[in-house]
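In: mind folding the following:
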Amino acid sequence: RLYSREQFDALPLQPSPEMQRCDLAQSCLQAVALGRDPQVFLASAIDPPPLAAVETAMEQLVGIHAVDNSDPDPEVCPVLLPIGEVLARLPLEPLLGRAA
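Out: Presented below is the predicted three-dimensional model:
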């Protein structure tokens, strides 16, 4: 793509990391499938995503009944439900896999 000088000068020197730009539902689902807490697991990344993005992804997974996150104890890892087990094996975003 061609950019004008003004557009090129307005570009950041480095793009933001992909983990901070993309939907995290698949990453959270994979973390739960591995028996890990997604917030702790993704927080250990080199460029961790914002906590709000992880919480939104988990709400999405709870909404499609892939994960049960109803335990009020923050030390307890979310539980993968039967639908979540199937979705974790599919090479699709969870919402697309649920729609199929």
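In: contacting residues for the closest residue to Asp68 other than its chain neighbours?
Out: Nearest residue to Asp68, sequence neighbours excluded (CB to CB, 6 or more residues apart in numbering): Val79, at 4.4 Å. (C-beta placed from N, C-alpha, C; glycine too.) Val79 makes contacts with 32, 67-69, 71, as judged by CB atoms under 8 Å, 6 or more residues apart in numbering.
In: repeat for Gly84
Out: Contacts of Gly84 by CB under 8 Å, 6+ apart are 29, 32-33, 61, 65-67, 94.
In: quick one: buried residues of the longest helix along the chain?
Out: Ranked by residue count and defined by DSSP state H, the top helix of the chain is helix 51-63. Neighbour counts over helix 51-63 (16 or more other CB atoms under 10 Å) mark 53-54, 56-58, 60-62 as buried.
In: what residues does stretch 60-72 touch?
Out: By CB under 8 Å, 6+ apart, stretch 60-72 touches 25, 28-29, 32, 58, 78-81, 83-84, 87, 94-95, 98.
In: repeat that for stretch 8-19.
Out: 3, 27, 42, 45-49.
In: now for those residues: which two are most distant?
Out: Across these, the longest distance by CB to CB is 32.9 Å; it joins Tyr3 and Leu42.
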